[in-house]
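*Asks:* Below are the sequence and a predicted model; questions follow.
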Amino acid sequence: MTSTLLSALTTAAVGGPAGKYIEASTEAEIIDAVRTADAAREQVLIIGGGSNLLISDDGFPGTVIRIASEGFTVNAEDSCGGVALVVQAGHNWDALVEHAVLHAWSGIEALSGIPGATGATPVQNVGPTALTSPRPSRRSAPGTGPGTRSRRSPIPS
């Protein structure tokens, strides 16, 4: 086990030591870390902002990879506040929202204050229903009434 306590990496501040800890700041480092752990047949835990994550006080025996990539690229911007971005998975979600507000980019301004990194926040914390236009969900919870819909992930199942 390493001396890295996973409690320092979660918003709930719980979790024991990592078996092995890697902080990956680039896409290449992330891919290399996962491939290396897979080749060694080690369990892998990938952490972004650490929200929605509870870890045992016993820790995690495998390799913990913290996604620390930051930054974004503007691919397109129009005069009406629309923008198309490519955002690194480790970039802080709220920092992205703040930047969008300061630059009058519309669409995510109401999603400020939500913890996490952009690699998971739109799927886990914000929920895809907040980022998409209303439409029927292909997945429904049993017993839901008219006009209701369940959260749904943009990641194919």
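*Replies:* Here it is on my side, so go on. From a predicted model like this one, the values you see are computed outputs, not experimental measurements.

*Asks:* For T2, see how far away the residue positioned nearest the centre of the chain is.
*Replies:* Nearest residue to the geometric centre of the chain (Cα atoms, centre = their mean): A120, 1.9 Å. Distance, A120 to T2, using Cβ to Cβ, to the nearest Å: 23 Å. (C-beta placed from N, C-alpha, C; glycine too.)

*Asks:* and E77, what does it touch?
*Replies:* Listed by Cβ atoms under 8 Å, 6 or more residues apart in numbering, the contact set of E77 reads V83, A84, W105.

*Asks:* I'd assumed the second one was in a strand, is it?
*Replies:* Yes. Counting by DSSP: H, G, I helix; E, B strand; the rest coil, A84 is located in a strand.

*Asks:* what's the neighbour count on it?
*Replies:* Counted with other Cβ atoms under 10 Å, the neighbours of A84 add up to 10.

*Asks:* Which parts of this structure belong to which domain?
*Replies:* 6-67, 72-131 (automatic domain parsing).

*Asks:* hmm, back to that, pretty sure the residue nearest to the centre of the chain contacts G48?
*Replies:* Yes. Using Cβ atoms under 8 Å, A120 is in contact with G48, at 4.8 Å.

*Asks:* How about G82, nearest residue that isn't a chain neighbour?
*Replies:* Among residues not flanking G82 along the chain, S106 sits closest, at 7.0 Å (Cβ to Cβ, 6 or more residues apart in numbering).

*Asks:* In three-state terms, how would the residue nearest to Q88 when sequence neighbours are not counted be classified?
*Replies:* With sequence-adjacent residues excluded and distances taken as Cβ to Cβ, 6+ apart, Q88 is closest to S69, at 3.8 Å. Recorded secondary structure, S69: coil (three-state DSSP).
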